[in-house]
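Colleague: could you work out the structure for the sequence below:
(2 chains)
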Amino acid sequence: MSRFVLAASALVLLSLTSLATRAEETPSPPRQQWSFDGIFGTYDRAAQQRGFQVYKEVCSACHPVKHLYFRDLADIGYGEDEVKAIASTYQVTNEQPNDQGQMFQRPARPSDPIPGPFPNDQAARAANNGALPPDLSMIVKARDGGPNYVYGVLTGYKEEPPAGVNLLPGMNYNEYFPGHQIAMPPPLADNAVTFADGTPATVPQMAHDVVTFLTWASEPNLEPRHRTGFKVMLFLIITAGIFYAAKRKIWAAVH
Amino acid sequence: MAQTRLSTTSRVIRWIDYRLPFVGMLQHELYDYPTPRNLSYWWNFGSLSGIMLVVMIVTGIFLAMQYTPHADLAFDSVERIMRDVDWGWMLRYAHMNGASMFFALIYIHMFRGLYYGSYKQPRELLWILGVIILVLMIMTAFMGYVLPWGQMSYWAATVITNLFSAIPLIGQSIVTFLWGGFTVGNPTLNRFYALHYLLPFVILGVVLLHLIALHRFGSNNPLGIDMKGPQDTLPFHPYFTIKDLFGLAVFLIIYSFFIFYAPNFLGSSDNYIPANPMQTPNHIVPEWYLLPYYAILRSVPNKLLGVIMAFGSIGLLFVVPWLDTSPVRSARFRPVYKWVFWLLVIDVIALGWVGANPPEGLVVTVGQIATFYYFVHFLILFPVIGRLERPRPLPGSIATAVLQGGGGARLGGAGAPLAKS
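Modeller: Modelled structure (predicted):
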């Protein structure tokens, strides 16, 4: 239903921008089922927490989540003490020097941003064969196709490129990455992590969970947005009905 | 208008109005204001646009309180609004999608004017003021799009400002002057922010003139004939206030759908990547509402000529009242123009499609044909059809056409409270 309204609005508004990407050769990744789809969509807390684990144990070796703070983790179902405990496992440099004028390291607090793996982009490139691992806190919003695209890239690796494709040195073949040659080696392998809730850590499962986590990282206010939207729409539809009735009544005499 | 008979008995209001004839003016212009009784819902879009302007200014002011106009900080400050400011996500999505809604409303409003000949004598200046508003809106929207300092912001700023380099001899100097440097950078962002804050208030001023011009002769109407007396009109309130309110509620449903359920549908995902002067995006594409101009620009092989024609496509609108030679306003009574109008609508949509796609193969051909047709429509078809066409007979008055059954008996009447023409 929401998809229908979306399509209809698209036509009305002549929003042709989405056509622009269609001309490219890269196939568009298949649609997945997401808990946050549709007008009542919410994030699956268990998937978010598993996704955070995948990010922490796998992705964070190379990718930062610059816009996330430890305190944000309360949103995905961690209690205050759990957030503190997670934060305290990281060391960060205090923003201010100490009384002797020395910068110093301390355990992170919930009010700190989650630190990335590299001090700067140059260090990130130097450690990754010249390629810069992008920030993941916006990745789902910053790519056409959103969650389906990120899921597609994570699961779209082929060990052998199709005949006739020459990979550059250090590159990997990915079905859904534009141009198919991606510097990131396949990040996920079965049982790369062990989930506390006993969920089998298959590649599709981990990809699904980490994409749920990253979608939340990109769009942390999706749940209040959907909830508010529903109330606003309900209010407006009733208001429109009342105005229409009033209009009929007022105009009845002059028709 | 000071002496308008005030319907209030309040002595306070009468005392004030005697010295400051504002209440009486409002009563005259917004309450008693005689409005053609046959306005259709197409006449809602003026008032909706006016309301949209206010929504943009209000959301914009609150965003400005949290935004940092610096090349190193702008992107993160926008994300901070989205994540940490209370209701910041709603303000920003309302502002961002509001721009699209504003243009959608304005384009419908303008096509309404073209169909019903609302620009014809004596409403030429009313139309021209409207075109000035469009030009100011395009400038404002473009500069606003640059502010988040994402990839598309940066590269759109680069591409559009570079258009001025097509001017012979002094072009490059003008571009450097616009940038405030030798590349798009922090000075560019700062001046765009200052102007983006200023221009909406300029628009507000021109809207006021638009309204004064409108209220001089009142709204045009679907029949395109003049109001000849009280039997042809209804007071603005309550007939058109309620009709406008109903239209507003319907519009807000569509607008809210985008804010709450598809906030990024009309935008480009590239703009969530921070600006990077070292890396050009694959396709630099403007927002949907600028695509037709962009298509015209790219359809002309010569850069200078392309720029002239893109600007000319809007410039032409200024002289529409004199290009159209038909004595009849409404396309309802113009058997040929009625169809040609829809060709223009299709042509503009085709240009939008061309602008959204990479210029290869079929896209180029369609773009060139559509660009050619756009100019033919205004420069050749408009004057020629006006002369050759034999209009159908006009009804004697609005009242006779509307009240006695007849073709136009369905009273639609939406009035744009403020801006109808």
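Colleague: tell me which helix or strand whichever residue of the stretch 151-255 of chain A sits closest to chain B sits in.
Modeller: Residue nearest to chain B within the stretch 151-255 of chain A: A:G229 (2.6 Å; CB to the nearest CB). Every residue, glycine included, has its C-beta placed from N, CA and C. Using DSSP states H and E, A:G229 falls within helix A:222-252.
Colleague: what is that helix packed up against?
Modeller: helix B:88-115, helix B:236-261 (3 or more CB pairs under 8 Å, 6 or more residues apart in numbering or on different chains; DSSP states H and E).
Colleague: how about the helix or strand that the shortest one is followed by against chain A, any contact?
Modeller: Past helix B:236-261, heading to the C-terminal end, the next element that is a helix or strand (DSSP H and E) is helix B:291-299. Yes. Where contact is defined by CB under 8 Å from any CB of the partner chain, part of helix B:291-299 touches chain A, namely B:L291.
Colleague: list the contacts of helix B:291-299.
Modeller: Helix B:291-299 is contacted from outside by A:16-17, B:138, B:163, B:285-286, B:306-307, B:309-310, B:313-314, B:348, B:351-356, B:359, B:364, B:367-368, B:370-371, B:374, using CB atoms under 8 Å, 6 or more residues apart in numbering or on different chains.
Colleague: start and end of stretch A:185-199, how far apart?
Modeller: End-to-end span of stretch A:185-199 (CA to CA, to the nearest Å): 24 Å.
Colleague: what is the helix or strand where B:L211 lies packed up against?
Modeller: Taking DSSP H and E as the criterion, B:L211 maps to helix B:186-217. Packing partners of helix B:186-217 (3+ CB pairs under 8 Å, 6+ apart): helix B:45-64, helix B:124-146, helix B:151-162, helix B:171-179.
Colleague: could you dump these to a markdown table with mean neighbour count?
Modeller: Formatted as a markdown table, the helices and strands packed on helix B:186-217 follow (neighbours: other CB atoms under 10 Å in any protein chain shown):
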| stretch | mean neighbour count |
| --- | --- |
| helix B:45-64 | 20 |
| helix B:124-146 | 20 |
| helix B:151-162 | 22 |
| helix B:171-179 | 15 |
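Colleague: any idea which of the ones you listed gets closest to chain A?
Modeller: helix B:151-162 (8.7 Å).
Colleague: next, see if the closest one gets close to chain A.
Modeller: No. For helix B:151-162, no contact with chain A is found by CB under 8 Å from any CB; the gap never falls below 8.7 Å.
Colleague: on the three-state scheme, B:K120 is what?
Modeller: Using DSSP: H, G, I helix; E, B strand; the rest coil, the three-state assignment for B:K120 comes out as coil.
Colleague: okay, now residue 243: neighbour count?
Modeller: With no chain named, the answer covers chain A. Residues within reach of A:F243, counting by other CB atoms under 10 Å in any protein chain shown, total 19.
Colleague: chain B was what I was after
Modeller: So B:K243, with other CB under 10 Å, has 30 neighbours.
Colleague: and it, what pLDDT?
Modeller: Reading off the confidence values, B:K243 has pLDDT 97.
Colleague: relative to B:L48, how far out is it?
Modeller: Separation of B:K243 from B:L48 (CB to CB, to the nearest Å): 12 Å.
Colleague: how about B:P238?
Modeller: Distance from B:P238 to B:L48, by CB to CB: 18 Å.
Colleague: ok, now B:I160?
Modeller: Distance from B:I160 to B:L48, by CB to CB: 28 Å.
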